[in-house]
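Asks: the amino acid sequence is not available; the structure is as follows:
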């Protein structure tokens, strides 16, 4: 989502390649056949477990892991409170139809509010939407989880092939060392791909998925409260639970003012 | 389901056999006893955990994994909307009995609609049907999951037998290398079978199972909405949650037309 | 349940002993101390995790795994439909008390029907019964799951003991090979016991447990339907979900006749 | 709970020490530093994951694993039926306050009955009590589960330290064997502690926990039935589900008499 | 939470370093490149799976693991009973607004009571609060769980790099020993970091999380009881379930007095 993923992954690769180049023979770590067995083989095995449409989803998901496109919880609460007060002031949900919502999910909910959907229908449609978003995101993360499982196995297969070849040709003892070094390369490749690339991306996508789900839960809660014409102050109090304690404390000043304004509006009504 | 499984599995096997044939002694990788211990032994152990009827199911399931027989979500929604409008136009569910549904599950639901089943009965029967389909599919996938677990263990057993034989006959040191190469072969066979064949098929069947369940959830939702005489536009909006965002955007044009037509029909009613 | 377990387990053992006897020194695979450590030690550790009553249950469960005593789903449905029609014809549940039910569970349900139990009580007692059967079966399967976990660990302990003994007595290099061969034997024993005997039996008992639970669910569904005087045709349609598609198709002919008969009876009533 | 735990654990230790003392150099298996690293280190790491109060709980729980203090299901049902008839005869729950119940949980429930608590309150308080007992027991079992995970890791750490020390001091090849023997000792200690001591106790405590929970479920069911003045015969039938089939059959004779007595009492009332 | 974590972790480190310094060459255990690969690489990989905000949370969570800031269950019950009696005496919830509650969660609940929130709203807001606290704590513990998974993998990567370097440069056999010693160092570092530092902290944070959740459950129960004007004696009886049996027995004397006082107050009312 933010720089952390890029910095972390690049840093780990720099550290590993640094340790390799400090040694006496860095070139021995490059071997085309080993590379093909592990990278090609792993991608093939992962492909065999997906449909083509899921492969496209996985690639899109991977690029998403490096971008920070989800709005923060704070700005989301601000947006939702703005909507809540807008609905209160205008006295009708029709005005919400043209609100420039920051997310497709919120836009769908506002459209339904404007269409006069009942609380029950609203909850049902939004819950289904949430479940399905989760489902699709999961399909994206699955490809990288599979890659993280398959790569070490392909590395082990490569090493076993190398060992069998070496053991059945031990006439020249001087070649044993380098033959075994090459045999171990595939295991190294497999473990590196799994732990430095595949698993972090899968984990990142899973975390992003949960964060998105939490935002959608927040939006659903807020939309239901707005639909029931709840006081924006109560809406805000409810949404505060989504914020960590520190952020909450910082908000208190602004909240006091905002709620004062609302209370005044209340007494005028 | 589609070409991906065939291409992926074939590609992985080509890469591994390629790496083997590039070596100096590809024939050393073929050993009948090792093959019998791993393949025969694994199949026997898997057989011991199933009933014969489950073995037949597993074979049928395996062939299913290579065929793409599940309808796409888009075409399923089209079909369901067609049914929805048909029911609306005719004003009776009796016409649904003769609808050529693309799946046995949908056909069962339409039959029940035509029979005048209540929403509750409809949901109950379809839910049980869904659960049982899941149950049967799971039995099919289970055989391959078991094979993926057993094959590496049988490989390890073969290697241990080979090592014990080699270690108790070390009179001629020149044979140690080749004896150990043969001992390692069973481990290689076991890891290959598990990771390139058994686990991908099991995983594929599991994914297919989930996809089928999602389609059945969609059909149940749609049938319940039709039973309640819901507006096809609302039915469509509800079903849109099952589509990824990109596909949904592409549908908007056609939806606008369709819904316009329905709205007109509504106002005429 | 059927021959598959016996054939599979015997076949796997024949293949492994075959591979051993093909080697030059099959007698080296027999070692009493290694056998005692792995088999005796594993049984002792499993015993320490059970109560004596659970050991008896586990032995009874193991013999059950090799017998095929659960009725088939098809014959169960036949029996239940017979009961359903019997109750319909006699117009009273009292006649069910003397029905020769094929299982204790069904007998309990019929007794309760004859006693005039309410639907709620019937469901409550049968659900508790089902839960408790599951609980007891699980205790049986648990012993073999434990054995499957402990045996490889005891094998590893034996190998470590052998290695330490060998390494601290390396004066005569000619004995190293055979000492190490013996050290590896315990690992071989442990992996064999776990993968060829303990895990398959545990898995089989678990599958049998699930099958029994599914039958009990079917019986509960059927008894509740009978208690509510549901039409046998509807009862049958409901129970059809428990059958695979192929079996269901084969039943259609007979069902058509049976339902015709019932419908006629209905119109007479 | 009964002798099985003591016999099993002692038997496993006797078998392992027997195998060690049969070898040529049993004294090589004793090494103080290795012992301190594995036993001391594991206990320290386990301690770091607990609070002191949890350590006390774990020790108390361990002693409990070797005692058989839970009443049997049969005697529990007898006791509960006695209470049921007592309440029926006296026509008031006040008499239950002085009943000498065999467990604290049952005593709490009887006290609440005597206090005239409603069914709802009774269920709520007893369910919370049950949950909390489970929670506390789990904390006890957790310490041994942690020990079972940490001990092999500490063993591996010890072996790695030994290997590094040996490899960096290979001037005298004659010491390599014994140095490696000592390095392997920590792995042996770790695997032994985990598999022969820690995991069996953890597993035993978990089983005991489940058994206790089942008894509490039985007591709750019985107390609720008594509170609703249910016929002792129905109470007994309900509780029969907690007994295995064999025990149930043996009870039938006595049950027939008991129920006859109750039925007579019924007709008098 | 208390001294146990500090003592345990320090003790384990002292034992390991002691075992190292008793050996002949303690300095061989320090290697900068190995350290950088394992510690640096692991931190980088963990960083790549988090957002910066989660890193801050993880560090704060780690310091929390060494402090004992959660109130004990006993003192929490005392505080809650004090509140219960205060509300009873004043006859109004307004007085609760100024109560100096020991936790933010309890303060939120008291504020809502004083604001006259309904039982339903109270439960809803507090449940959401509880869920979100759990969510945030989990994010903190996740970083250490990730570290515990990644560190051994980075150790294995370092060892594989060292082995490949050693095997491709075997011209001078005298260096093989020390090269392999260094290669093994990264595995040792990885296993140490995972088992002595990362996993214990993660486990400790998880346990603390559960304890906090239990306290929040207790507060919610108590606040709901106070809102319904329940008798403090009943409130106390309900809360007793949260205490272990021993602590409960010790409380009986004080409870008797307290309840006597309440009963008297009751009869006066």
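Replies: Everything's here; your move. Note that the structure is a prediction, hence the values are computed from the model and not measured.

Asks: going forward, measure contacts and count neighbours with C-alpha atoms only.
Replies: Fine.

Asks: in chain A, what residue is nearest chain D?
Replies: Among the residues of chain A, residue A:177 lies closest to chain D, at 18.0 Å counting by C-alpha to the nearest C-alpha.

Asks: touching chain B at all, the one helix or strand that residue maps to?
Replies: For residue A:177, the element it lies in under DSSP states H and E is helix A:176-192. No - residues of helix A:176-192 are not located near chain B by C-alpha under 8 Å from any C-alpha of the partner chain, the shortest gap being 11.2 Å.

Asks: which residues are in contact with that helix?
Replies: The contact list for helix A:176-192 (C-alpha atoms under 8 Å, 6 or more residues apart in numbering or on different chains) reads A:28-29, A:31, A:34-35, A:37-39, A:151-156, A:158-163, A:166, A:170, E:153, E:157, E:160-161, E:163-165, E:167-170.

Asks: poorly predicted segments of chain A, please.
Replies: Chain A contains residues with pLDDT under 70 at A:1-2, A:65-69, A:244-246, A:251-269.

Asks: scan it for its longest helix.
Replies: For chain A, the longest helix by residue count, based on DSSP state H, is helix A:119-167.

Asks: can that helix be found next to chain E?
Replies: No - counting by C-alpha under 8 Å from any C-alpha, chain E has no neighbours in helix A:119-167; the shortest distance is 10.9 Å.

Asks: check the offset of that helix from the chain's centre.
Replies: On the basis of C-alpha atoms, centre = their mean, to the nearest Å, helix A:119-167 sits 13 Å off its chain's mean C-alpha point.

Asks: and that helix, what does it pack against?
Replies: helix A:41-48, helix A:52-65, helix A:104-114, helix A:176-192, helix A:199-227, helix B:176-192 (3 or more C-alpha pairs under 8 Å, 6 or more residues apart in numbering or on different chains; DSSP states H and E).

Asks: grab the nearest non-local neighbour of the residue of chain A found nearest chain E.
Replies: At 3.7 Å from chain E, residue A:5 is the closest residue in chain A, using C-alpha to the nearest C-alpha. Leaving aside its chain neighbours, residue A:5 sits nearest to residue E:48 (3.7 Å; criterion: C-alpha to C-alpha, 6 or more residues apart in numbering or on different chains).

Asks: next, the angle from the helix holding residue A:177 to helix A:119-167.
Replies: 180 degrees (axes from the mean of the first three to the mean of the last three C-alpha atoms, to 10 degrees).

Asks: close to chain B: what parts of chain A are there?
Replies: Counting by C-alpha under 8 Å from any C-alpha, chain A sits next to chain B at A:33, A:36-37, A:40-52, A:125, A:128-129, A:132-133, A:136, A:150, A:153-154, A:157, A:160-161, A:163-165, A:167-170.

Asks: recalculate using a threshold of 6 Å.
Replies: A:41, A:44, A:45, A:47, A:48, A:49, A:51, A:129, A:164, A:167, A:168 (C-alpha under 6 Å from any C-alpha of the partner chain).

Asks: which among those gets closest to chain C?
Replies: Nearest to chain C among the residues of chain A next to chain B, counting by C-alpha to the nearest C-alpha, is residue A:167 at 18.0 Å.

Asks: how close does the closest residue to the closest one other than its chain neighbours get to chain C?
Replies: In space, and not counting its chain neighbours, residue A:167 is closest to residue B:177: 4.7 Å by C-alpha to C-alpha, 6+ apart. Distance, residue B:177 to chain C, by C-alpha to the nearest C-alpha, to the nearest Å: 14 Å.

Asks: equivalent analysis for residue A:134, please.
Replies: 29 Å.

Asks: and that residue, how many residues sit next to it?
Replies: 16 (other C-alpha atoms under 10 Å in any protein chain shown).

Asks: next: the one 5 residues further on.
Replies: By the other C-alpha under 10 Å criterion, the neighbourhood of residue A:139 contains 18 residues.

Asks: what about the residue lying closest to it once chain neighbours are set aside, neighbour count?
Replies: Excluding its sequence neighbours, the residue lying closest to residue A:139 (C-alpha to C-alpha, 6+ apart) is residue A:54, at 6.6 Å. Residues lying near residue A:54 (other C-alpha under 10 Å) number 18.

Asks: ok, now residue A:172?
Replies: There are 7 residues near residue A:172, going by other C-alpha under 10 Å.

Asks: now residue A:181
Replies: Residues lying near residue A:181 (other C-alpha under 10 Å) number 26.

Asks: tell me the SS of the residue located most distally from the centre of chain A?
Replies: In chain A, the greatest distance from the average C-alpha position (C-alpha atoms, centre = their mean) is reached by residue A:171, at 53.0 Å. For residue A:171, the assignment made with DSSP: H, G, I helix; E, B strand; the rest coil gives coil.

Asks: phi, psi for it please.
Replies: Note on residue A:171: backbone dihedrals following degrees, to the nearest 10 are phi -60, psi -40.

Asks: which residues touch it?
Replies: With contact set as C-alpha atoms under 6 Å, 6 or more residues apart in numbering or on different chains, residue A:171 has no partners.

Asks: ok, it to residue B:177 distance?
Replies: 10 Å (C-alpha to C-alpha, to the nearest Å).

Asks: do residue A:104 as well
Replies: The value you get for residue A:104 to residue B:177, if C-alpha to C-alpha is used, is 64 Å.

Asks: go on, residue A:180?
Replies: 13 Å.

Asks: tell me, how many residues neighbour the closest residue to residue A:45 other than its chain neighbours?
Replies: Excluding the flanking residues, the one nearest residue A:45 by C-alpha to C-alpha, 6+ apart is residue B:8, at 5.5 Å. Neighbourhood size, residue B:8 [other C-alpha under 10 Å]: 24.
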